[in-house]
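> Predicted coordinates and the sequence they were generated for:
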Amino acid sequence: MLIVREDLEKIGKLTAEERFANAPYMLDWIKSIAESGNYIGGEPLAITGRYVSKNEVLSDGPFIEAKEGVSGYDIIMAENINQAVAIAQSCPLVMQGLAVREVRPIQLPVFNVPEQSS
């Protein structure tokens, strides 16, 4: 998984048009990953949300005290972590210094969730 991390305070002040100005470059990048057979899926995330803990629910955003937060994700298929890192480094937002990509393997399930009967 390629997690997109951006300055949430900064992007919160942008218009939707400004926030998605790089969309054509991102779409070309995604298309190239898909054509290589490595793209599975992904989406941008809203910058608002709820931060839930045991004792409270805060509604000022997903990362109340953090400057940087998760603003999207892409799920790719890679042979190894090095290939995933190389793909992440080619992201237009990373190359422009507008975001960083956190590369994390998706853990295989360690337990079975029982199916619900209908």
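It's in. Numbering: from 1, shown residues only.

> Please count neighbours and contacts with C-alpha atoms only from this point.
Will do.

> what comes up buried for stretch 28-48?
Residues 29-30, 33, 38-39, 47 are the ones in stretch 28-48 that count as buried (16 or more other Cα atoms under 10 Å).

> Now do the end-to-end distance for that stretch.
Stretch 28-48 has its terminal residues 27 Å apart, counting by Cα to Cα, to the nearest Å.

> what's the answer for stretch 97-108, then?
This stretch, stretch 97-108, spans 32 Å end to end (Cα to Cα).

> For that stretch, list every residue counted as buried.
Of the residues in stretch 97-108, those scored as buried under the neighbour-count criterion (16+ other Cα under 10 Å) are 99-101, 103.

> between those residues, which is nearest residue 75?
Sorting those by how near they are to residue 75, with Cα to Cα, puts residue 103 at the top with 9.8 Å.

> bridging residues for that closest one?
Counting by DSSP bridges, residue 103 forms beta bridges with residue 2.

> now residue 10, what's its secondary structure?
In terms of secondary structure, residue 10 is helix; the call rests on DSSP: H, G, I helix; E, B strand; the rest coil.

> hmm, who's touching the biggest strand by length in the chain?
In the chain, with assignment by DSSP state E, the single longest strand is strand 68-76. Strand 68-76 is contacted by residues 1-9, 38-47, 62-63, 84 when judged by Cα atoms under 8 Å, 6 or more residues apart in numbering.

> out of everything not next to it in sequence, what's closest to the residue nearest the centre of the chain?
Taking Cα atoms, centre = their mean as the criterion, residue 73 is the residue nearest the geometric centre of the chain, at 2.1 Å. On the basis of Cα to Cα, 6 or more residues apart in numbering, the spatially nearest residue to residue 73 that is not a chain neighbour turns out to be residue 3, at 4.5 Å.

> do the same with residue 87
In this structure, residue 87 finds its nearest non-sequential neighbour in residue 33, 8.0 Å apart by Cα to Cα, 6+ apart.

> What distance do you get for the one you found to residue 13?
When distance is defined by Cα to Cα, residue 33 is 30 Å away from residue 13.
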